[in-house]
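In: the following block contains a protein sequence and its predicted model.
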Amino acid sequence: MTAEFDPIAEDYTKLHQEAIEGSGFSVDYFYEYKVKKTYQYLEKHNITTPKTILDFGCGVGNLIPYIREYFPDAQIYGCDISKESIELAEDKTKKSNASFFLFDPDSDVFPAGLKFDLVIVSCVFHHIPPEEHIKTLYRIRANMNPGGNLFIFEHNPYNPATRRVFKNTPLDKNATLLSAKYMTSQLEQSAFENMITNYIIFFPGSLSAFLPLESKLIKVPFGAQYFIAAKTDHME
């Protein structure tokens with residue numbers, strides 16, 4: 001993954017925009033969308049506002065400004081396996097007052113014993129080799145506070161438009177689409193609890209008048225993406 005993303009870090013956002021051009025939305029719409037969905041879920045379920053938040057696999061930091069907007073009082077961190085991406089993230093998110101660290105696949109702990117109340121993983125696991133999924137989830141869990149919340153966003157392989165975009169973008173040339181059922185099983189095996197799946201992004205920009213209906217379609221498994229909310233109730 002380091003070799004894959006370091007060379008394209010500078011152009012990542014541009015390539016992402018090109019990949020989703022047919023959606024009728026900008027990449028910023030989708031970055032904010034995911035953070036907003038996270039915020040709304042926590043609010044709906046009366047979950048205490050997180051004090052420490054990690055954007056796991058943060059790339060060049062595109063989610064960070066929106067995390068700061070929706071969680072203004074939190075300590076925000078980002079980590080990634082790509083050194084080039086981390087350097088760009090640090091430079092472009094200075095106003096967000098976030099901290100970043102390089103994710104080391106061979107280390108069992110995060111730097112300085114950091115523990116998180118909320119971890120957001122936005123379209124990252126399809127880039128991680130399947131044999132590393134449970135190991136990675138265990139490591140995330142080990143660095144979360146008791147009662148912490150994990151949100152995993154992924155592309156939905158049952159959506160035709162998603163499959164077409166996924167097939168044609170260089171960003172995902174070495175990636176594998178993962179179903180919600182598969183990701184739920186990986187979370188279960190990693191000792192996460194209370195998994196809830198919501199499907200999202202049903203309408204393109206040209207049909208934006210129908211966007212209010214999306215909240216009623218969250219259990220229909222044909223949205224372009226989905227997110228799984230999970231909890232860790234482990235005690236240290």
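Out: Yep, that arrived.
In: give me the neighbour count for residue 153.
Out: A count of neighbours around residue 153, defined by other CB atoms under 10 Å, yields 22. From N, CA and C alone the C-beta is placed, and that goes for glycine too.
In: residue contacts, residue 147?
Out: 117, 231, 232, 233 (CB atoms under 8 Å, 6 or more residues apart in numbering).
In: confirm the second one sits in a strand?
Out: Yes: going by DSSP: H, G, I helix; E, B strand; the rest coil, the assignment for residue 231 places it inside a strand.
In: which positions in the helix or strand containing residue 86 come out as buried?
Out: Taking DSSP states H and E as the definition, residue 86 sits inside helix 83-92. Buried residues in helix 83-92, counted by 16 or more other CB atoms under 10 Å: 84, 85, 86, 88, 89, 90.
In: with stretch 189-204 instead?
Out: 190, 192, 195, 197, 198, 199, 200, 201, 202, 203, 204.
In: measure the fourth one to residue 145 for me?
Out: Taking CB to CB, to the nearest Å as the measure, residue 197 falls 23 Å from residue 145.
In: cool, the fifth one as well?
Out: Applying CB to CB, the value for residue 198 to residue 145 is 23 Å.
In: which pair of the contacts of residue 147 spans the longest distance?
Out: 117 and 233 (13.0 Å; CB to CB).
In: any idea which helix or strand comes after the lengthiest helix in the chain?
Out: Longest helix of the chain, by residue count under DSSP state H: helix 27-44. Counting by DSSP H and E, the next helix or strand C-terminal to helix 27-44 is strand 52-56.
In: only C-alpha atoms, please: export that following strand in PDB.
Out: C-alpha atoms of strand 52-56 as PDB (Å, rounded to 0.1, in the frame of the first residue of the first chain):
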ATOM      1  CA  THR A  52     -10.700  11.800  20.900                       C
ATOM      2  CA  ILE A  53     -11.200  10.900  17.200                       C
ATOM      3  CA  LEU A  54      -9.100   9.000  14.800                       C
ATOM      4  CA  ASP A  55      -9.400   9.100  11.000                       C
ATOM      5  CA  PHE A  56      -7.800   5.700  10.300                       C
END
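In: appreciated, that's everything.
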